[in-house]
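[1] need a 3D model of the following:
(one chain, ligands or ions: 1)
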Amino acid sequence: MSYRSLLLCTAFTLPTVYTLDAHALSNGDYEQAAKQQFNTSARAPCISGFPCFAISNQYPVSPLASTPHFPWSATNYKSDPQKYMAEVLSYVVEGNTEVDWELQRNSVRRWYHAPWMHEKREPVHGLTMERGSRLHELGPNQTRRTSNWAVGFYNDLGGSTFGKVWQGSVRPSTTSAVFPVGTVTAKLLFTDATDSEAPYLKGNNLQWQADIAGNGQPKSLRLLQMDIAVKEQADATHSGWVFATFVFNGSRGAANYWDNLIPVGLEWGNSPGFTYADYQAGKRPEESWINPEAKALFAKRAPDDQLGYLARMNGPVDSPLSSCMSCHSRAMDTRGKPGPDFNPKPADNCLEVIKPSGSINETYGRVPGCVVNEVAVAPFYRNLQSNQPFTPGFNSLDYSLQMAMGVASWNAWTKKNYPTVFKTNSTTFKLKSFSVEAPASMKIPLVPAEQAFHRGN
Ligand code: HEC
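    Here you go, the predicted model:
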């Protein structure tokens, strides 16, 4: 074989990434070490006498041939959000409650965890730390910063995207990160809030032990919130993602804990262009639905007594300065570079962090006489398409912050332990072809990627 045809053959049969990796892998043990990380479930070994979290990561590599019909397929999420949410909820709990969310034992359908989050997962249920609740966010009597923990998972359609991105379990190929219609993801959020801090948690609730202190002595947590996100058909202005959340309300008195979950709200877009002036004029974001019954439980959430920013949809555990889709639209592969902060700079939206005297917890206040810098706030409330990155030059991960967190952890680990592999990956990285200009004025605060794709403290 001539030198020329050998070159041609190599170029033809092997994608560039792999050709170059042959050099990077003079590191030898890289692949084996990366696979081992990929298959690691939690940050510490299991604790005897407690359940033992095992990651469900046998992702399907090819998506299903056709989109199956779902119970909610005929329900309009904009005009009938409550029915839509109930239908998705039954699909999520089916087969999972019987096995206490040990996904591998579900006999109805398959569910998957996201990989490379193991350094953050405690070993009993695979929970990762979520944002702690600020003053009064969970209820008028809650002053302490509560500890909140969660675990999320994807159905088979969602799992197939993880399979494509992590094919070979060694390095992520984020050009393939687009979730098919029919993807469902859900997340259970637990809290250590007491009955007096969050009275609605009382009743027939789901209680889990988890090693949140990392000392091998699990503590009790109760279910506070359940998040769901469903991929519907995209249109010219929307990705197709529908985000919704439930809160546990024991006063419902149902025998099954999941029947005590009441809808908090649903959003299918960021309501771009909705300003503080609109809010003050009494208007409300058009792409959010909030359930008044749930809203009544959370009457004192500073700065505006709303669940999300300017009454956009967000959950009880979430920041009132954000919204589900605002935060999730930042999901990207930044190749180890910093990522966009959660929110605009406080001064841009006239907000300040306040620590009332004698309090150990923070809250937010509006700066009097300040005019909101809407140009700086707007980039956080765009309706990005699945392939459109929040920041140009990076790959969008289609609203999946678990994928973003995993990819960020992989980058950090590789950078530290296998710098050659890290460097090669950064240079051979392929950008998705899709590109839409970001606003010229966009100046987003940056934070380390691993922090940007965390839910905050
Ligand atoms: C301030 C940022 C932030 C906000 C606001 C937020 N999330 Fe997330 N969410 C995250 C992060 C970070 C993860 C991944 C890490 C984890 O699971 O804790 C995540 C994970 C999830 C997952 C698992 C799949 C995935 O996309 O990674 C779902 C489902 C989800 N969130 C739904 C919601 C819903 C519904 C809301 C609004 C009620 C919401 N989130 C609000 C940051 C946020």
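
[2] just the CA atoms of stretch 145-158, as CSV, please.
    Below are the C-alpha coordinates for stretch 145-158, written out as CSV (Å, rounded to 0.1, in the frame of the first residue of the first chain):
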residue,chain,number,x,y,z
ARG,A,145,-30.6,27.5,55.6
THR,A,146,-32.0,24.1,54.9
SER,A,147,-30.1,21.3,53.3
ASN,A,148,-31.6,20.1,50.0
TRP,A,149,-30.5,17.0,48.0
ALA,A,150,-31.7,15.4,44.8
VAL,A,151,-31.4,12.6,42.2
GLY,A,152,-32.5,12.8,38.6
PHE,A,153,-32.9,10.3,35.7
TYR,A,154,-33.9,10.0,32.0
ASN,A,155,-36.2,7.6,30.1
ASP,A,156,-34.9,5.5,27.2
LEU,A,157,-35.2,8.2,24.6
GLY,A,158,-33.2,10.6,26.9
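
[3] chain center to it: distance?
    8 Å (Cα atoms, centre = their mean, to the nearest Å).

[4] the most centrally placed residue in the chain: what's it in contact with?
    Central residue of the chain (Cα atoms, centre = their mean): L401, 4.0 Å from the mean position. By Cβ atoms under 8 Å, 6 or more residues apart in numbering, the contact set of L401 is 327-328, 330-331, 453, 455. Glycine gets a C-beta too; all of them are placed from N, C-alpha and C.

[5] run through the residues you listed and flag the ones next to the ligand.
    327-328, 453, 455 (Cβ under 6 Å from any ligand atom).

[6] dump the residues you listed to JSON lines, plus pLDDT.
    Shown next, in JSON lines, are the ones next to the ligand among the contacts of L401 (pLDDT from 0 to 100):
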{"residue": "C327", "pLDDT": "97"}
{"residue": "H328", "pLDDT": "98"}
{"residue": "F453", "pLDDT": "90"}
{"residue": "R455", "pLDDT": "77"}
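
[7] could I get the residues you listed as a markdown table with secondary structure?
    Listed next are those as a markdown table, based on DSSP: H, G, I helix; E, B strand; the rest coil:
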| residue | secondary structure |
| --- | --- |
| C327 | helix |
| H328 | helix |
| F453 | coil |
| R455 | coil |
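
[8] identify, from those residues, the entry nearest to K355.
    When the ones next to the ligand among the contacts of L401 are ranked by distance to K355 (Cβ to Cβ), R455 comes first, at 21.1 Å.

[9] low-scoring stretches of this structure, by residue?
    Low-confidence segments of the chain (pLDDT under 70): 1-28, 63-66, 435-441, 457.

[10] re earlier: closest to L297 among the ones next to the ligand among the contacts of L401?
    Of all those, R455 has the smallest distance to L297: 20.9 Å, by Cβ to Cβ.

[11] next, count neighbours for that closest one.
    20 (other Cβ atoms under 10 Å).

[12] right, and it touches S133 too?
    No - with contact defined as Cβ atoms under 8 Å, R455 does not count as touching S133 (11.9 Å).

[13] burial count for K416?
    Using other Cβ under 10 Å: K416 sits among 9 other residues.

[14] so which bits of the stretch 351-457 of the chain are right by the ligand?
    Near the ligand, when you scan the stretch 351-457 of the chain using Cβ under 6 Å from any ligand atom, you find 399-402, 405, 453-456.

[15] any chance of those in a markdown table, plus secondary structure?
    Listed next are those as a markdown table, based on three-state DSSP:
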| residue | secondary structure |
| --- | --- |
| Y399 | coil |
| S400 | coil |
| L401 | helix |
| Q402 | helix |
| M405 | helix |
| F453 | coil |
| H454 | coil |
| R455 | coil |
| G456 | coil |
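
[16] export stretch 44-52 to CSV, keeping only CA atoms.
    Coordinates of the C-alpha atoms in stretch 44-52 are reproduced here as CSV (Å, rounded to 0.1, in the frame of the first residue of the first chain):
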residue,chain,number,x,y,z
ALA,A,44,-17.8,6.9,48.8
PRO,A,45,-18.4,3.1,49.3
CYS,A,46,-21.8,1.9,50.3
ILE,A,47,-22.8,1.9,54.0
SER,A,48,-23.8,-1.4,55.5
GLY,A,49,-27.4,-1.6,56.6
PHE,A,50,-28.5,1.1,54.0
PRO,A,51,-29.5,0.9,50.4
CYS,A,52,-26.6,1.1,48.0
